[in-house]
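Colleague: task: produce atomic coordinates for the following.
(chains A and B)
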Amino acid sequence: MTTPIAPASAAAGRLVDAAEHGQSDHLAGGRHDKKGRSRVDPVYYAFLLPTLILFTLAITVPAVLGIFYSFTNFIGFGDWQFTGLTNYIAVFQDPAVLSGYLFTFGFAIVTVVLVNVIAFMLAVALTSRIRLKVPLRAIFVIPMVISGIVIAYVFQFLFSNSLPALGNGLGIPLLQESILANPDLAWIAIVITATWQSVPGTLLIYIAGLLSIPGEVYEAADIDGATAREKLFRVTLPLVAGYVVINVILGFKNYLNVYDIIVGLTNGGPGTATRSIAMTIFTGFTGGDYAYQMANATIFFIIAVAISILQLRLTRNRAASA
Amino acid sequence: MTQAAARPVTGTPPRAREEAVATTRRRRGKVGQETTNWSTMVILFLCSLTILVPLYVTITMSLKTTAQSVDGNAFSLPSPISFDGFVQAWTLTDFPLHFAISVFVTATTVIGTVVLAALASYAIVRNWEHKFFRWSFFYLLAAMFLPFPVVALPQIQLTGLLGLANPVGVAILHIMFQLSFSILLFTAFLRSIPLELEESARMDGATTWQTFRQLIFPLLAPMSATVAIFAFLYAWNDFMMPSLIIADQAQQTVPVVQSIFQTQFSSNYNVAFASYLMAMAPAIIVYLFTQRWVMEGVTQGAVKG
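Modeller: Residues are numbered from 1 along each chain as shown, chains lettered A, B, ... in the order given. So this is what the prediction gives:
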């Protein structure tokens, strides 16, 4: 990225003014400690410490506290006792937790495949020789900026009112009943809505990836007489492989947290057919299962970290081989 | 139908347009063909209907009368056009109050994220050779691996204890969850700023604070814009955190308030959709004016994350 010259010099000019008022005689790199490293201006600590302290209080303390409570029988308030691994053993044997994990992972896998296939094809189309590129791109990105819960409410209306009305009008039996009320099919509505919402972010990353491919590569392919299909599978796809890895893993991590869309569409139902891990964990606060659900959350956390490590490995390998 | 929903697109900033034109030219030049691929365009227009139809339904439903909205035909045009839905949604959801709360939470999140992340990133990048700053960087980045549901229960408990089960608490938590991504973007950008610029300012006797305030922070402006727009989208649209943290329903943000159309007013579809439209409009408007930074943020976040 290039440095904008004009604002920089203007800012430097103001600095000289400030210096002329003689507020400080500090010179960068002027002082060193025994080991020869430059001494840190205490002001830098003032820049960083408020953030570190707030972050620790808001994220680290709750995380540690939560993991601590997962080894107790705490119910959210009052007395508690250590119960060791009791919660963890119970979590592993709980059919409600198991079905939550099965549903969430199934949902995440289907959605990640669907989103990436659609977004990649759209990105290829949107970077090809077309007109109205900017307005088209703008339209496809709109779902990214709408609140997930509002999207879910709109789609809930479409799935439960409009599609059945359409099905009745056209005489298509499959559409006549709301799929949200069908325990076997409700997940499809959730996948469709989640896909609608998350194609844009994935699409933008693929567009950036496709634009980073130098045109010479395609010229060479043209000279070799490659067909459009060959160019797509043998040139484009290998060159954006890194972006595919990023999109798949970032997406998968996101979909494991699925919450808004399910609350808006089915609220976990019918029954508990579409209850995700996040929804199961949140029942801990209303259901008096605080410590128990913290054990569940801790397991979920370990899985999230494992996926992140996998992500780092895969992206590092790519950097090394490139 | 396409017209109604496509209208906002004409608000594309000229810069983004130029950029795209430049890209097109570059590509054409390299590929060496000038022809437009019309079949791809037709397919893209058909695909764009999947985006435009739900938006069309939202807009037309909000303009219907209650009587027309309950007939189940979502795709008909409103006749007569009625603004009743908006009038009722305004009072039913207590829109001005919740809008103000959402604006407060969003503004606090945006300002807090930009200021804290910029200051922290500057301190980290300029003292990278010191363990404390280097480790702070990895510590702050670790939150990227932490899903909110994992810490949600203790956070509900603690915000309750500290009297932060309100919009202030939500804004603080929003800032904290937005820090990792923002610090990642800021530090990458700061490393690309030549050190000489800063050294000459230091020679002239500027303090660290003056250097940051008058030289570095203005230089960070384009990245601050990207960080700000993502903090805005996150804070404005978030449902999970406010719905769990804010204890008093009278203090909820706009997205959470929409749930009243699932429970109390479930058959007033025109009112519900008018309310949905009022909830999504600010984000769509902001997006149309800031597309360039949205694009940059997604790309950079992905490449560096």
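Colleague: separation between A:A125 and chain B?
Modeller: In this view, A:A125 and chain B are 5 Å apart by Cβ to the nearest Cβ, to the nearest Å. Yep, even glycine has a C-beta here, placed from its N, CA and C like the rest.
Colleague: how many residues are close by that residue?
Modeller: Per other Cβ atoms under 10 Å in any protein chain shown, the neighbour tally for A:A125 reads 18.
Colleague: next, it: secondary structure please.
Modeller: What DSSP: H, G, I helix; E, B strand; the rest coil gives for A:A125 is helix.
Colleague: can you tell me which helices and strands the helix or strand harbouring A:L49 packs against?
Modeller: Using DSSP states H and E, A:L49 sits within helix A:42-55. Helices and strands touching helix A:42-55, by 3 or more Cβ pairs under 8 Å, 6 or more residues apart in numbering or on different chains; DSSP states H and E, are helix B:95-126, helix B:131-141, helix B:167-191, helix B:208-211.
Colleague: who are the packing partners of the very next helix or strand once past that helix?
Modeller: Helices and strands here follow DSSP H and E; after helix A:42-55, the next one along the chain is helix A:61-69. Under the contact definition 3+ Cβ pairs under 8 Å, 6+ apart, helix A:61-69 sits against helix A:290-321, helix B:148-161.
Colleague: is it true that A:F300 touches B:F148?
Modeller: No - at 11.0 Å, A:F300 and B:F148 do not qualify as touching, with contact defined as Cβ atoms under 8 Å.
Colleague: these two: who's more crowded?
Modeller: Neighbours around A:F300 and B:F148, counted as other Cβ under 10 Å, are more numerous at A:F300. The numbers are 24 against 19.
Colleague: so who does the more buried one touch?
Modeller: By Cβ atoms under 8 Å, 6 or more residues apart in numbering or on different chains, A:F300 lies in contact with A:L256, A:I277, A:I281, B:P147, B:P149, B:V150.
Colleague: number of residues surrounding the second one?
Modeller: Spelled out, that is A:I277. 26.
Colleague: swap in the fourth one?
Modeller: Using other Cβ under 10 Å, B:P147 is surrounded by 22 other residues.
Colleague: same deal with the fifth one?
Modeller: Burial of B:P149, expressed as a neighbour count using other Cβ under 10 Å, amounts to 26.
Colleague: let's have the helices and strands packed on helix A:42-55 in a markdown table, adding mean neighbour count, mean pLDDT and distance to chain A.
Modeller: Listed next are the helices and strands packed on helix A:42-55 as a markdown table, based on neighbours: other Cβ atoms under 10 Å in any protein chain shown; pLDDT from 0 to 100; distance: least, Cβ to the nearest Cβ, whole Å:
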| stretch | mean neighbour count | mean pLDDT | distance to chain A |
| --- | --- | --- | --- |
| helix B:95-126 | 21 | 96 | 4 |
| helix B:131-141 | 16 | 94 | 6 |
| helix B:167-191 | 22 | 94 | 4 |
| helix B:208-211 | 22 | 91 | 4 |
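Colleague: mind putting those helices into a markdown table with distance to A:Q311?
Modeller: Rendered in a markdown table, the data for those read as follows (distance: least, Cβ to Cβ, whole Å):
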| stretch | distance to A:Q311 |
| --- | --- |
| helix B:95-126 | 22 |
| helix B:131-141 | 13 |
| helix B:167-191 | 14 |
| helix B:208-211 | 36 |
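Colleague: looking at chain A, which residue is nearest chain B?
Modeller: A:G215 (2.5 Å; Cβ to the nearest Cβ).
Colleague: give me the angle between the helix holding A:L49 and helix B:167-191.
Modeller: Interaxial angle of helix A:42-55 relative to helix B:167-191 (axes from the mean of the first three to the mean of the last three Cα atoms, to 10 degrees): 140 degrees.
Colleague: chain center to helix A:42-55: distance?
Modeller: 28 Å (Cα atoms, centre = their mean, to the nearest Å).
Colleague: give me the residues contacting that helix.
Modeller: Here helix A:42-55 makes contact (Cβ under 8 Å, 6+ apart) with B:116-117, B:119-120, B:122-124, B:126-127, B:133, B:136, B:139-140, B:143, B:172, B:175-176, B:179, B:207-209, B:212.
Colleague: and for stretch A:79-99?
Modeller: Applying Cβ under 8 Å, 6+ apart, the contact partners of stretch A:79-99 are A:69-74, A:272, A:275, A:280, A:291-292, A:294-296, A:298-299.
Colleague: let me see the mean pLDDT of it.
Modeller: The average pLDDT for stretch A:79-99 rounds to 90.
Colleague: buried residues, it. List them.
Modeller: Residues of stretch A:79-99 classed as buried by neighbour count (16 or more other Cβ atoms under 10 Å in any protein chain shown): A:T83, A:N87, A:Y88, A:V91, A:V97.
Colleague: just the residues you listed: which are in helices?
Modeller: Among those, the ones falling in helices (DSSP state H) are A:N87, A:Y88, A:V91, A:V97.
Colleague: now the weakest link among the helices and strands packed on helix A:61-69, please, by mean pLDDT.
Modeller: Comparing mean pLDDT over these, the weakest stretch is helix A:290-321, at a mean of 82.
Colleague: now the angle from it to helix A:61-69?
Modeller: For helix A:290-321 against helix A:61-69, the angle by the same axes, to 10 degrees is 120 degrees.
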